[in-house]
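>>> Give me coordinates for this.
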Amino acid sequence: MINRQKMLEILGNHLEINSANLMEETVLENLGDAWDSVAILSVISIIDSYANRPIPVNAIVESKTIKDLIDLVCVNENQIISCK
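Predicted structure coming up:
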């Protein structure tokens, strides 16, 4: 089972950013080299693994903040989700 905080930690690990320095309000384009094409592919894979429904790739690519990415998986603040 996973919640928003755990999803934040997972994204931080894959983006190689200390999750203590990563917040939902973090703007993706402000991540510099951490938000490159390889990171986007990694995030696509992560979201595909945790979402309980198909997520269009353009929804991921068009995300502006970490919150936008987490919202693709966790629809509300307290939602607990399970892996496929």
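>>> which residues touch the residue minimising distance to the centre of the chain?
The structure's the chain has its C-alpha centroid closest to residue 69; by CA atoms, centre = their mean the separation is 4.1 Å. Neighbour list for residue 69: 11, 28, 43, 47, 60, 63 [criterion: CB atoms under 8 Å, 6 or more residues apart in numbering]. (Each C-beta comes from the backbone N, C-alpha and C, glycine too.)
>>> which residues of the protein fall in strands?
Applying DSSP state E to the chain gives no strands.
>>> follow-up on the earlier one: need the contacts of residue 69 in JSON lines (columns: distance to residue 36).
Listed next are these as JSON lines, based on distance: CB to CB, whole Å:
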{"residue": "11", "distance to residue 36": "14"}
{"residue": "28", "distance to residue 36": "11"}
{"residue": "43", "distance to residue 36": "11"}
{"residue": "47", "distance to residue 36": "17"}
{"residue": "60", "distance to residue 36": "14"}
{"residue": "63", "distance to residue 36": "15"}
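>>> Closest one of those residues to residue 54?
Nearest to residue 54 among the contacts of residue 69, counting by CB to CB, is residue 47 at 10.3 Å.
>>> wait, doesn't that closest one sit right on residue 73?
Yes. Using CB atoms under 8 Å, residue 47 is in contact with residue 73, at 5.9 Å.
>>> so which two of the contacts of residue 69 are the farthest from each other?
Taking CB to CB, no two of the contacts of residue 69 sit farther apart than 28 and 47, at 13.3 Å.
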